[in-house]
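Asks: The amino acid sequence is not available; the structure is as follows:
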């Protein structure tokens, strides 16, 4: 039973990965890790490396889900920058 609704909360690229995400061309039909949407052969998608095991394990994401992951990551980075600048201005 496949649903187009993303599962769980939006992950952030700040933690939980080893290495940088990459854009790749799909060689055979695949599915998005978050929303289970089909990613057809010959279409670009994004792969994010996952922790665990002794070999590289990449999870594939469609454009929409990858964009929401990037937005969440940007929000996390902005929150960190805000907390750093707040501490720098107000050293209590």
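Replies: Sure thing, it's come through. Computed from a predicted model, the values in this text were never measured in an experiment.

Asks: so where does the most centrally placed residue in the chain fall, helix or strand?
Replies: The centroid of the chain falls nearest to residue 69 when counting by C-alpha atoms, centre = their mean (4.3 Å). Using DSSP states H and E, residue 69 sits within helix 63-89.

Asks: buried stuff in that helix?
Replies: 65, 66, 68, 69, 72, 73 (16 or more other C-beta atoms under 10 Å). C-beta: built from backbone N, CA, C; applies to glycine.

Asks: Would you check that the second one makes contact with residue 46?
Replies: Read that as residue 66. Yes: judged on C-beta atoms under 8 Å, residue 66 makes contact with residue 46 at a distance of 4.1 Å.

Asks: Residues that sit against both of those two, list them.
Replies: In terms of C-beta atoms under 8 Å, 6 or more residues apart in numbering, residue 66 and residue 46 are both contacted by the residues residue 21.

Asks: and residue 43, what does it touch?
Replies: Neighbours of residue 43 in contact, by C-beta under 8 Å, 6+ apart: 25, 26.

Asks: And it, its phi and psi?
Replies: The phi/psi pair for residue 43 (degrees, to the nearest 10) reads phi -100, psi 140.

Asks: Residue 26 versus that one, what's the distance?
Replies: Going from residue 43 to residue 26 by C-beta to C-beta, to the nearest Å gives 5 Å.

Asks: Kindly report the same for residue 75.
Replies: Taken as C-beta to C-beta, the span from residue 75 to residue 26 is 29 Å.

Asks: Next, the buried residues of stretch 32-42.
Replies: In terms of neighbour count (16+ other C-beta under 10 Å), stretch 32-42 has its buried residues at 32, 33, 34, 35, 36, 37, 39.

Asks: Give me the contact list for it.
Replies: Stretch 32-42 is contacted by residues 2-8, 25-31, 45, 59-62, 64-65 when judged by C-beta under 8 Å, 6+ apart.

Asks: try 10 Å this time
Replies: Stretch 32-42 is touched from outside by 1-8, 10-11, 25-31, 45-48, 50, 58-66, 68-69, with contacts defined as C-beta atoms under 10 Å, 6 or more residues apart in numbering.
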